[in-house]
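Trainee: Return atomic coordinates for the entry below.
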Amino acid sequence: MLQVVDIVKRYGGVTAVDKVSFEVAAGEIVGLLGVNGAGKTTTLESIVGLVTPDSGTVTIDGHDIRTDPQRARALVGFAAQNTALYPRLTVRENLRFFGRLTGLSRGEADTRAAELIELLELREQADRLSGVLSGGESRRAHVGVALMSRPRLLLLDEATVGLDVRTRTHMLELVTSAARETGAAVLFSSHYLAEVEAICDRVVIIHRGRVLTSGTVSETISRHATSAVEFTFGDGTRQRHEVADPAADLPPLLARLSTKGGGRAELTSINVRRASLETAFWALTGEDSEAVAEEVA
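Mentor: Model prediction:
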């Protein structure tokens with residue numbers, strides 16, 4: 001459904017996106033990951049035509065976003081990181097308005113808006129002005145706009161920011177439903193790596209504008225993540241041990257510490273990190289602010 005091939009985008013002397021390539025199939029959820037400034041938003045904006053790449057191609061169901069923008073954009077629902085609702089329109093009016101822009105008839109827009117108000121649990125907010133909504137309410141309505149046309153390609157940039165735990169879980173269920181039940185291709189960008197691990201089939205990790213790796217979630221974890229046990233001592237020193245199985249390997253490590261005795265400072269905390277998408281991500285990007293230098297035991 002989506003093919004991104006070697007797109008490059010420069011701003012002056014800065015290369016924001018550097019030969020990024022990936023695909024998203026119908027019915028698939030792909031996570032687009034990267035630290036702030038990695039090039040995620042520029043990539044998403046290139047896909048929908050808000051930004052024109054300097055080179056490379058983007059095709060949506062075979063339609064090139066540059067040479068056939070109308071047909072390509074008609075297939076896309078995009079919820080950008082910054083919410084875009086008209087503050088003097090109600091939630092219902094915003095949904096109807098954007099639905100009409102995508103080509104829905106008045107009746108179709110009314111019906112679809114009512115469906116999404118129920119799905120997004122916006123019944124109480126439906127007839128409030130969008131300008132007085134909370135951040136989480138605005139985010140839900142914003143995603144609703146992207147879903148109005150039942151898009152074949154759904155692009156979500158930080159769709160769960162500002163949502164409480166219950167609402168975030170519900171949003172993830174809706175995203176999963178869009179792929180599994182309606183067959184939409186979903187490109188899901190998020191800083192919440194646990195939710196990406198939970199719902200995505202594959203991930204694409206970009207860093208400084210380049211793709212570092214792509215593959216299924218399980219492949220990414222097995223290739224790039226390790227489990228580790230970290231000890232912190234009273235004098236502030238830390239000791240990190242990579243392990244295969246934290247539960248099995250922790251007792252022997254503790255036994256080794258106890259037999260060393262001597263002048264070692266008191267052990268104050270133990271931090272267990274299991275291999276996960278998060279540990280794979282930090283291993284690849286090398287920007288984990290909590291990473292500590294490994295001390296040879």
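
Trainee: List the contacts of the residue lying closest to Leu119 once chain neighbours are set aside.
Mentor: Distances taken as Cβ to Cβ, 6 or more residues apart in numbering place Leu174 nearest to Leu119, at 6.2 Å, with adjacent residues excluded. All C-beta spots, glycine's among them, are computed from the backbone N, C-alpha and C. With contact set as Cβ atoms under 8 Å, 6 or more residues apart in numbering, Leu174 has these partners: 119-120, 143, 147.

Trainee: mind checking the backbone torsions on Leu174?
Mentor: phi -70, psi -40 (degrees, to the nearest 10).

Trainee: Tell me the one of the contacts of Leu174 nearest Asp68?
Mentor: Leu147 (23.4 Å; Cβ to Cβ).

Trainee: right, and that closest one touches Leu153 too?
Mentor: No: Leu147 lies out of contact with Leu153 (Cβ atoms under 8 Å); the separation is 12.0 Å.

Trainee: thinking again about what came up before, for the contacts of Leu174, name the two members farthest from one another.
Mentor: Within those, Leu119 and Val143 form the most distant pair, 9.9 Å apart (Cβ to Cβ).

Trainee: more neighbours, the two?
Mentor: Taking neighbours as other Cβ atoms under 10 Å, Leu119 and Val143 compare with Val143 leading, 23 against 16.

Trainee: neighbours of the residue lying closest to the more buried one once chain neighbours are set aside, just the number please.
Mentor: Nearest residue to Val143, sequence neighbours excluded (Cβ to Cβ, 6+ apart): Ala79, at 4.8 Å. Ala79 is flanked by 23 other residues according to other Cβ under 10 Å.

Trainee: Quick one: residues contacting Ala79.
Mentor: By Cβ under 8 Å, 6+ apart, the neighbours of Ala79 are 142-143, 145-146, 155-157, 159.

Trainee: What is the nearest of the contacts of Leu174 to Trp282?
Mentor: Val143 (28.0 Å).

Trainee: Buried residues, the helix or strand hosting that closest one. List them.
Mentor: According to DSSP states H and E, Val143 maps onto helix 135-147. Judged by neighbour count using 16 or more other Cβ atoms under 10 Å, the buried positions of helix 135-147 are 136-147.

Trainee: Make sure I have this right: Ser46 is in a strand.
Mentor: No: counting by DSSP: H, G, I helix; E, B strand; the rest coil, Ser46 falls outside a strand, being helix.

Trainee: Chain neighbours aside, what residue packs nearest to it?
Mentor: Pro53 (5.0 Å).

Trainee: Also Arg128?
Mentor: Nearest residue to Arg128, sequence neighbours excluded (Cβ to Cβ, 6+ apart): Thr90, at 6.0 Å.

Trainee: Backbone dihedrals for that neighbour, both of them.
Mentor: In terms of degrees, to the nearest 10, the main-chain angles of Thr90 are phi -70, psi 170.

Trainee: from memory it sits against Ser130, does it?
Mentor: Yes: at 6.7 Å, Thr90 and Ser130 qualify as touching, with contact defined as Cβ under 8 Å.

Trainee: For beta bridges, what are the partners of Gln3?
Mentor: Glu23, Thr59 (DSSP bridges).

Trainee: Strands along the stretch 1-150 of the chain, start to end?
Mentor: With DSSP state E, counting those that start in this stretch, the ranges of strands along the stretch 1-150 of the chain come out as 2-11, 14-24, 29-33, 55-60, 63-64, 76-79.
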